[in-house]
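Asks: Dropping a prediction and its sequence here:
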Amino acid sequence: MQRLCEAAGFLSPRTYIASGNVVFQSAKTEAQVKAALEAELAVYASKPVGVVVRAAAEMAAVLAENPFPQMPGNRTVAYFLDRKPSADALQTVANRTGEQLRLGLREIYVYYADGIGDSKLKIPAAKNGTARNMNTIAKLAEMAGSLESRLEHFQIKR
């Protein structure tokens, strides 16, 4: 992933755990970063790969705006989206049991009371997004802040 980011022209790429998390420095716009990474990843993976981009300050804001700050970080996630979810995005949620959901700026926050592993929750509005738990978000915000960079997440679209 670091070589791929370097090939796309990004500086000081650093990855965090093997789940598509990378921070780096770039003067490019969000749209330019997204397009460059998606092009590099498509060649690498031989199929389209979606990318969700956040600047360091945005990642810190996602952490600060967590509506479930008292809940365990490993059970609270933010689904990162390309755009603001519609006001009625949570009305289409299915198979909800003990989960609590809130809308963010370009995120959907979910607290999984019984853990994410056994949850059957379906969030149609998050279909093209990618989720990270609050522990991971805290680490990525720290890493991105230290680089004054853009934070990139990617997921393989199916």
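Replies: Sure, I can see it.

Asks: ok, R132 touching G20?
Replies: No: look at R132 against G20 with Cβ atoms under 8 Å: they stay out of range, at 9.3 Å. C-beta coordinates here come from the backbone N, C-alpha and C atoms, glycine included.

Asks: who's more crowded, the two?
Replies: Under the neighbour definition other Cβ atoms under 10 Å, R132 and G20 were set side by side, and R132 has more, 24 against 19.

Asks: who's in contact with that one?
Replies: R132 makes contact with S19, N21, V77, A78, F80, L140, H153, according to Cβ atoms under 8 Å, 6 or more residues apart in numbering.

Asks: Give me the mean pLDDT for the one helix or strand the fourth one maps to.
Replies: Think A78. With the criterion set as DSSP states H and E, the secondary-structure element containing A78 is strand 76-80. For strand 76-80, the mean pLDDT works out to 98.

Asks: circling back: now the contacts of R132 in TSV, with distance to P124 and neighbour count?
Replies: Supplementary listing: the contacts of R132 in TSV, determined by distance: Cβ to Cβ, whole Å; neighbours: other Cβ atoms under 10 Å:
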residue	distance to P124	neighbour count
S19	23	13
N21	25	22
V77	16	25
A78	17	28
F80	16	24
L140	26	26
H153	20	22
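
Asks: Tell me the one among those residues nearest to I108.
Replies: Minimum separation from I108 among the contacts of R132 (Cβ to Cβ) is found for A78, which lies at 7.3 Å.

Asks: That closest one pairs with what?
Replies: Y109, R132 (DSSP bridges).

Asks: Quick check: it touching T130?
Replies: No: contact criterion Cβ under 8 Å: A78 and T130 do not qualify, at 9.6 Å.

Asks: And stretch 80-88, what's buried?
Replies: Buried residues in stretch 80-88, defined by neighbour count with 16 or more other Cβ atoms under 10 Å: F80, L81, P85.

Asks: Excluding chain neighbours, what is closest to the last one?
Replies: Read it as P85. With sequence-adjacent residues excluded and distances taken as Cβ to Cβ, 6 or more residues apart in numbering, P85 is closest to A125, at 4.9 Å.

Asks: and what of the first one?
Replies: Nearest residue to F80, sequence neighbours excluded (Cβ to Cβ, 6+ apart): V52, at 4.5 Å.
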